[in-house]
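Q: Any chance you can model this:
(one chain, ligands or ions: 2)
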Amino acid sequence: MRIPDESDFPSRLRSAAVTARVGLWLGFCFAICFVTGLISHYAQNADHPVPFPTSPAWGYRVTQGLHVITGTAAVPLLLVKLWTVYPRLFRRPERDVRRLLLDVAERGSIAVLVASAVFQLATGLANAAQWYPWAFSFRSAHYATAWVAIGALVVHVAVKLPIIRGALGADVDDTTYDRPAADRPGVLGRRGLLRATWLSAGVAVLATAGSTVPWLRQVSVLGVRSGDGPAGIPINKSAVAAGVTASATSADYRLLLVHGDRQVALSRADLLAMPQSTQTLPIACVEGWSASGTWSGVRVRDLLDLVDGPRGTDVLVTSLQQSGPYTTTVLHGNFADDDRTLLALALEGEPLALDHGFPARVIAPDRPGVLQTKWVGRIEVPT
Ligand SMILES: Nc1nc2c(c(=O)[nH]1)N[C@H]1C(S)=C(S)[C@@H](COP(=O)(O)O)O[C@H]1N2
Ligand SMILES: [Mo]
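A: Ligands and ions are numbered 1, 2, ... in the order given. Here you go, the predicted model:
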């Protein structure tokens, strides 16, 4: 087998004029993914040196929806961009030592960029599809690699800036930045290729956005987990999967409130006898889907008052679920004190479905879905 060389790729479509235009949009997508990803990561941290805001209630729904939508749109953009540049892999090595070293450094930085970008999009998509074919922690790996990708991207843009500016400033059919070998017309014109690229990114957006945007549900073939589930809200983990069916439906169920020596145990009937509050708040999953519901239950603040929990303290919420990463979560002080934060007992006027966290679950504004603990058995104010 012969290794191809640059002259094996004569299509005029593989031009910096196309690469720069697609790259611009890819850069936008990566920037949005990076910023919204930092927000999501911070929101899930147990430690909040700077409080994460509880308002607007839909904030996390929007940032995480954007994160997954722009990440999905980036897939066709990245594929087209790689297609336009990969013949450059087969350039002849430079003869001059200095230029050879520069070339090796550039190829190295691009290898890091491509590898980290592919890793981010692949793990992100798999996570959105709830498919975990790996052993590492998704959140730490996706977060660490985000810094690698964004660092490599900044270097790449800085190195290519003269070409990017030149190519974007000229007509798309301009040949200034073309490889000499790329002189044959492609099956499409460059404008046609760009149009097809925007179209596929648009389809990717529509196909996922239905997970967050209700009126898009009908067209969203990838947004499958929207609108199904009791009361129109998808189920992330069922009671059976969490192994809580017996404990959650037991007549012996008591919610335990703990603050040092002070302990209060409440049955579901006791909770229902307390003043009830109703709030319309979304469940916004890190996987990108979200759905709004009208929840009723007891304000968490009222429960903490029963054991003299001081205001502003982070509290621990523990599920009846015995194992898994979301069995205990930290409810930060500003969330615990917020009037909209409920231990929900009902959804849409009906008793909470077992799969939505019966007998009681946390629902708080502007909070990642993973922290909206279901089947709550214990709320503790650390001393
Ligand atoms: N105990 C417990 N609570 C949990 C989970 C879980 O696995 N166990 N999943 C969380 C996740 S990831 C999400 S998105 C929401 C989904 O709530 P829902 O299933 O009622 O829609 O519940 C959260 N609460
Ligand atoms: Mo989630």
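
Q: can you pull the contacts of Thr341?
A: 54, 299-301, 331, 335, 362-365 (CB atoms under 8 Å, 6 or more residues apart in numbering). Where you see a C-beta, it was placed from the backbone N, CA and C, and this is true even at glycine.

Q: can you do 6 Å?
A: 300, 335, 364 (CB atoms under 6 Å, 6 or more residues apart in numbering).

Q: again, but for Leu193
A: Leu193 makes contact with Leu13, according to CB under 6 Å, 6+ apart.

Q: Tell me how far it lies from Ser247.
A: To Ser247, Leu193 is 58 Å away according to CB to CB, to the nearest Å.

Q: does the residue of the stretch 101-250 of the chain found nearest ligand 2 count as helix, strand or coil?
A: At 4.9 Å from ligand 2, Asn236 is the closest residue in the stretch 101-250 of the chain, using CB to the ion. Here Asn236 is recorded as coil under DSSP: H, G, I helix; E, B strand; the rest coil.

Q: Next one: it, what pLDDT does it get?
A: Predicted confidence (pLDDT) for Asn236: 86.

Q: what about the nearest residue to it once chain neighbours are set aside, neighbour count?
A: Using CB to CB, 6 or more residues apart in numbering and skipping the chain neighbours, the partner closest in space to Asn236 is Cys285 (6.2 Å). Other residues near Cys285 come to 25 when the count uses other CB atoms under 10 Å.

Q: so Cys285 touches Gly369, yeah?
A: Yes: here Cys285 lies in contact with Gly369, judged by CB atoms under 6 Å, at a distance of 3.8 Å.

Q: what sits against the residue in the chain positioned nearest to ligand 1?
A: For the chain and ligand 1, the shortest gap (CB to the nearest ligand atom) falls at Gly369, measuring 2.7 Å. Taking CB under 6 Å, 6+ apart, we find Gly369 in contact with 283-285.

Q: Show me what the strand ranked longest in the chain is packed against.
A: Using DSSP state E, we find that the single longest strand of the chain is strand 290-299. Packing partners of strand 290-299 (3 or more CB pairs under 6 Å, 6 or more residues apart in numbering; DSSP states H and E): strand 277-284, strand 342-347.

Q: Just send those strands back as a markdown table, with mean pLDDT, mean neighbour count and distance to ligand 1 too.
A: Formatted as a markdown table, these follow (pLDDT from 0 to 100; neighbours: other CB atoms under 10 Å; distance: least, CB to the nearest ligand atom, whole Å):
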| stretch | mean pLDDT | mean neighbour count | distance to ligand 1 |
| --- | --- | --- | --- |
| strand 277-284 | 97 | 20 | 5 |
| strand 342-347 | 98 | 24 | 8 |
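
Q: To ligand 2, which of the ones you listed lies closest?
A: strand 277-284 (7.9 Å).

Q: can you give me how far that closest one is from the chain middle?
A: Computed by CA atoms, centre = their mean, to the nearest Å, the chain-centroid distance of strand 277-284 equals 20 Å.

Q: what residues does it touch?
A: With CB under 6 Å, 6+ apart as the test, strand 277-284 has contacts from 57, 60-61, 64, 233, 290-292, 294-296, 299, 340, 363, 365, 369, 372.

Q: TSV for the helices and strands packed on strand 290-299, including distance to ligand 2?
A: Formatted as TSV, the helices and strands packed on strand 290-299 follow (distance: least, CB to the ion, whole Å):
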stretch	distance to ligand 2
strand 277-284	8
strand 342-347	16
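
Q: can you redo those strands as JSON lines with distance to Thr313?
A: Converted to JSON lines, the helices and strands packed on strand 290-299 look like this (distance: least, CB to CB, whole Å):
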{"stretch": "strand 277-284", "distance to Thr313": "21"}
{"stretch": "strand 342-347", "distance to Thr313": "17"}
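
Q: can stretch 133-147 be found next to ligand 1?
A: No: if you take CB under 6 Å from any ligand atom as the test, stretch 133-147 misses ligand 1, and the best it gets is 11.6 Å.

Q: buried set for that stretch?
A: 142-143, 145-146 (16 or more other CB atoms under 10 Å).

Q: of those, closest to Val22?
A: For the buried residues of stretch 133-147, the minimum distance to Val22 (CB to CB) is 21.0 Å, reached by Ala146.

Q: Enumerate every residue touching the closest one.
A: Counting by CB under 6 Å, 6+ apart, Ala146 touches 34, 37.

Q: any idea how far the one helix or strand Asp302 maps to is from the chain center?
A: Using DSSP states H and E, Asp302 sits in helix 300-306. How far helix 300-306 lies from its chain's middle: 32 Å, per CA atoms, centre = their mean.

Q: so what does that helix touch, helix or strand wise?
A: Judged by 3+ CB pairs under 6 Å, 6+ apart, helix 300-306 is in contact with no other helix or strand.

Q: So what angle separates the directions of the very next helix or strand once past it and strand 342-347?
A: Counting by DSSP H and E, the element after helix 300-306 in chain order, helix or strand, is strand 315-319. On the basis of axes from the mean of the first three to the mean of the last three CA atoms, to 10 degrees, strand 315-319 is oriented at 30 degrees to strand 342-347.

Q: pLDDT value on the residue of the chain closest to ligand 1, please?
A: So Gly369 comes in at 97 (pLDDT).

Q: Pull the CA coordinates from the helix holding Asp302 and hand them back as PDB.
A: Extracted in PDB, the C-alpha atoms of helix 300-306 (Å, rounded to 0.1, in the frame of the first residue of the first chain):
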ATOM      1  CA  VAL A 300     -37.300  22.800  53.200                       C
ATOM      2  CA  ARG A 301     -36.800  26.000  55.300                       C
ATOM      3  CA  ASP A 302     -39.900  25.000  57.400                       C
ATOM      4  CA  LEU A 303     -38.500  21.600  58.000                       C
ATOM      5  CA  LEU A 304     -35.100  22.900  59.100                       C
ATOM      6  CA  ASP A 305     -36.900  25.300  61.500                       C
ATOM      7  CA  LEU A 306     -38.300  22.200  63.300                       C
END
